[in-house]
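In: My questions are about this predicted structure, shown below with the sequence.
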Amino acid sequence: MGSIPMQRETDFRASATAPDRPGPPAVVRTSLPGNPLAPAAARRFVRAALADWTELGVPAAAGITDRLADDSVLLVSELVTNAVVHAGTTVELLCRLEEADPGDSTETLVLEVSDHHPSRAVRSDQGQPSTGTPEYGRGLHLVATLSESWGITYRTGTKTVWARLPVEEVQAGQETETYTNDQAIQRGLRAAEILAPLPKRVTHDTDWVNRGALTFLAEASDLLAGQFDVDLVAALAGQLLVPRLADWCAVWFDDASEGSGRGAGGEEARLARVWHTSEHRIEELRRVLEKEPPRLPAAVGSGAFPVPWPGEALAGEPSGTALAYRLTAGGRALGTLVIGRAGLVRFPDEVTGLIEDFSRRVALALSTARRYQRQANISQVLQRGLLPSKVAEIPGVESGVVYEPRDKGGPGGDFYDVFQAGEGRWCFALGDVQGKGPEAAVVIGLARPWLRLLAREGYQVAEVLDRLNQLLLDDATEAADAAAAVVAVAGGQGVPQDGPTSRFLSLLYGELEPYEGGVRCTIASAGHPLPLLLSPEGEVREAATPQVLLGVVEDETYTSETFELRTGETLLCVTDGVTERRSGRLQFDDGEGLARALAGCGGLDAGLVAERIRRLVHEFSERPPDDDLALLVLQAR
């Protein structure tokens with residue numbers, strides 16, 4: 001947000017923050033994450049609020065016109081974008097309609113955008129005198145022009161930019177203003193001029209203005225925000241700029257920001273993407289650019305910096321202008337964006353300002369994509385460590401496994417295991433931890449090794465559950481005590497308490513002992529969907545009785561059941577991601593749906609049974625699964 005004098009600030013600043021002020025007739029607020037998705041969410045939120053107020057007949061909403069709606073969306077979009085780039089924290093957005101005060105016939109629309117990093121000083125626009133705390137961008141120029149009054153309110157840990165837009169009075173029987181295409185074009189031109197650098201608004205790049213700078217930035221933000229791969233972000237940046245605003249562009253990644261320890265500023269940068277209007281020139285341009293990565297002085301900030309024209313690679317275009325922009329987010333240099341246009345002595349000022357704003361959006365998308373990729377890599381490593389590298393082969397038993405975490409990039413709350421516990425003994429487990437992500441990983445990382453250890457120490461099925469139950473309870477108590485100590489040190493604030501509820505575990509655990517003609521199976525179910533046994537004749541029955549979850553009841557005594565798994569019989573074990581799969585109000589297991597599905601699997605081997613059940617679960621609803629899905633099939637041969 002650009003730094004300009006607050007020339008039209010009114011006494012609204014005080015009234016806006018007064019806690020005892022009576023509430024206005026229509027108020028909505030929301031929290032937006034500090035990532036590239038925030039501006040698009042803010043635009044949708046404001047449009048939805050205005051539409052709802054109009055539909056509900058809120059008195060002050062009678063004067064909401066298309067023009068007011070467009071101004072509001074434009075203003076909020078730019079302010080949220082700048083707040084995310086500036087602070088990177090959660091953004092609070094408030095939108096309210098205020099009825100006219102006595103003696104004043106004008107209602108007002110109030111917009112407030114707050115961030116939670118108000119003390120961070122950032123540069124102002126180059127060449128402009130500083131008139132207060134410097135800010136990013138030129139968002140406040142837009143606020144000052146479109147709003148009736150505006151201001152900045154600082155509270156502890158929060159900075160809020162607020163603005164009031166007049167709602168025009170509409171007489172009885174009068175229709176609200178319609179917005180023609182010509183008016184919309186003029187509105188876009190005026191807003192584009194507002195966002196152009198102040199000393200350089202006289203001369204416009206007509207081509208840029210006609211393309212709609214604001215629409216371009218909004219659409220670019222939405223497209224970039226949807227990418228979680230850094231190379232795709234770089235590719236999109238090139239396609240958005242060429243040929244709209246440049247003949248060619250290139251994106252370098254600063255690998256030092258990834259922790260490699262190499263130099264910033266382009267010395268060890270990686271050329272990620274090169275784009276040119278003529279595809280046959282891309283490879284030659286890449287070859288030349290790789291020789292000389294751009295080296296930008298630290299003082300450049302995010303502004304444009306001239307770099308040499310790569311004439312060697314551009315035969316037929318011996319001269320032109322090239323500009324470099326540092327891609328920075330969260331105070332960290334992520335890379336460099338370079339653009340070039342042939343036949344120009346200098347880029348028009350409006351284009352340089354637009355691409356500076358665009359480069360901040362690219363940097364924000366890169367930062368989000370890198371965080372996502374790092375988290376995905378960590379999650380994949382965790383996932384590999386929490387699941388068996390292979391399923392043990394059991395003599396006389398064929399197995400089939402399906403495991404599909406809801407979050408494909410992270411550890412799920414379900415787990416399975418099949419392992420040898422000793423001479424002639426094999427064990428299997430299928431579990432479901434309350435919660436997802438790191439909390440679930442902690443419990444799985446605790447439960448799986450203990451299951452193996454207890455089984456190999458010779459403990460029977462019920463004894464294993466008894467000891468695992470106590471282990472979870474002890475661990476939950478220790479976690480709660482540690483959390484309480486941290487809360488005490490922190491003065492009782494700011495640290496979420498951990499407790500026993502985060503250690504609940506449903507588990508189906510069993511032991512297999514093959515013998516001539518079949519397999520002896522001992523099994524116990526602790527708060528888990530009951531296993532089903534399919535006979536060769538197509539009959540299905542439950543193979544265990546329900547017992548309480550692990551980690552809930554102190555000194556619980558578990559029991560097990562033993563039966564013969566005869567040749568051709570199939571044991572199906574599933575998690576609640578199967579039984580509770582939803583289609584509207586129905587669940588997959590309503591009316592013994594899982595048993596009917598298993599009954600239709602007669603004659604199939606274990607792998608095909610697992611695949612058929614998986615397919616039926618997916619086909620049960622058109623919506624993607626909203627829980628992890630895991631199933632284990634054991635079939636006596």
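Out: Noted; the coordinates are in hand. Residues are numbered from 1 along each chain as shown.
In: Show me the domain layout of the protein.
Out: Split into domains by automatic domain parsing, the chain comes to 12-195, 211-379, 387-636.
In: Could you export those as JSON lines, including mean neighbour count?
Out: Glycine gets a C-beta too; all of them are placed from N, C-alpha and C. Shown next, in JSON lines, are the domains of the chain (neighbours: other C-beta atoms under 10 Å):
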{"stretch": "domain 12-195", "mean neighbour count": "17"}
{"stretch": "domain 211-379", "mean neighbour count": "19"}
{"stretch": "domain 387-636", "mean neighbour count": "18"}
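In: Make a markdown table out of those domains and add mean pLDDT.
Out: Below are the domains of the chain laid out as a markdown table (pLDDT from 0 to 100):
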| stretch | mean pLDDT |
| --- | --- |
| domain 12-195 | 68 |
| domain 211-379 | 81 |
| domain 387-636 | 88 |
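In: can you give me the helices for the stretch 151-300 of the chain?
Out: For the stretch 151-300 of the chain, helices defined by DSSP state H, counting those that start in this stretch occupy the ranges 181-195, 206-211, 213-225, 230-241, 282-291.
In: oh sorry, the question was meant for the stretch 301-450 of the chain
Out: Residue ranges of the helices in the stretch 301-450 of the chain, as given by DSSP H, counting those that start in this stretch, are 349-386, 437-456.
In: Now tabulate those helices in CSV and tack on distance to residue 622.
Out: Below are the helices of the stretch 301-450 of the chain laid out as CSV (distance: least, C-beta to C-beta, whole Å):
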stretch, distance to residue 622
helix 349-386, 27
helix 437-456, 26
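In: Out of the ones you listed, flag the one nearest residue 79.
Out: When these are compared by C-beta to C-beta, helix 349-386 sits nearest residue 79, at 13.0 Å.
In: Specify the angle between the closest one and helix 437-456 in degrees.
Out: 10 degrees (axes from the mean of the first three to the mean of the last three C-alpha atoms, to 10 degrees).
In: what's helix 349-386 packed up against?
Out: Judged by 3 or more C-beta pairs under 8 Å, 6 or more residues apart in numbering; DSSP states H and E, helix 349-386 is in contact with helix 66-87, helix 181-195, helix 206-211, helix 213-225, helix 230-241, strand 320-329, strand 332-342, helix 437-456.
In: can you state the direction angle for that helix and strand 332-342?
Out: Using the same axes, to 10 degrees: helix 349-386 against strand 332-342 is 140 degrees.
In: how close does residue 436 sit to residue 444?
Out: Remark: distance between residue 436 and residue 444 (C-beta to C-beta, to the nearest Å) = 11 Å.
In: which residues in the stretch 501-637 of the chain form helices?
Out: 576-579, 593-599, 606-619.
In: In CSV: the ones you listed, plus distance to residue 156.
Out: Shown next, in CSV, are those (distance: least, C-beta to C-beta, whole Å):
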stretch, distance to residue 156
helix 576-579, 44
helix 593-599, 55
helix 606-619, 50
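In: Quick check: chain neighbours aside, which residue is closest to residue 69?
Out: Nearest non-adjacent residue to residue 69, counting by C-beta to C-beta, 6 or more residues apart in numbering: residue 50, 5.3 Å away.
In: Let me see the residues that make contact with the helix or strand harbouring that neighbour.
Out: Assigned by DSSP states H and E, residue 50 belongs to helix 38-56. If you take C-beta atoms under 8 Å, 6 or more residues apart in numbering as the criterion, helix 38-56 is touched by 26, 28, 30, 32, 60-61, 64, 68-69, 72-73, 76-77, 80-81, 83-84, 91, 93, 95, 97, 111, 113, 218, 221-222, 225.
In: run the last query once more with 7 Å
Out: Helix 38-56 is touched from outside by 26, 28, 30, 32, 61, 64, 69, 72-73, 76-77, 80-81, 84, 91, 93, 95, 97, 221-222, 225, with contacts defined as C-beta atoms under 7 Å, 6 or more residues apart in numbering.
In: do you know how far the residue lying farthest from the centre of the chain is from residue 636?
Out: For the chain, the largest distance from the centre (C-alpha atoms, centre = their mean) belongs to residue 516, which lies 54.3 Å off. For residue 516, the distance to residue 636 (C-beta to C-beta) stands at 12 Å.
In: go on, residue 325?
Out: 67 Å.
In: what does residue 347 give?
Out: Distance from residue 347 to residue 636, by C-beta to C-beta: 75 Å.
In: what's the answer for residue 454, then?
Out: Distance, residue 454 to residue 636, using C-beta to C-beta: 25 Å.
In: How about residue 621?
Out: 33 Å.
In: do residue 570 as well
Out: Taking C-beta to C-beta, one finds residue 570 at 8 Å from residue 636.
In: Check residue 478 too.
Out: Separation of residue 478 from residue 636 (C-beta to C-beta): 42 Å.
In: Wait, residue 597 touches residue 614, no?
Out: No: taking C-beta atoms under 7 Å as the definition, residue 597 is not a contact partner of residue 614, at 10.4 Å.
In: Output stretch 472-479 as CSV, restricted to C-alpha atoms.
Out: What follows is stretch 472-479, C-alpha atoms only, in CSV (Å, rounded to 0.1, in the frame of the first residue of the first chain):
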residue,chain,number,x,y,z
LEU,A,472,-1.5,-44.5,25.1
LEU,A,473,-3.0,-43.3,28.4
ASP,A,474,0.4,-42.8,30.0
ASP,A,475,1.6,-40.9,26.9
ALA,A,476,-1.4,-38.7,26.9
THR,A,477,-0.9,-37.9,30.5
GLU,A,478,2.7,-37.0,29.9
ALA,A,479,1.7,-34.8,26.9
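In: Tell me how far it lies from the chain's centre.
Out: Relative to the mean C-alpha coordinate of its chain, stretch 472-479 is positioned 31 Å out (C-alpha atoms, centre = their mean, to the nearest Å).
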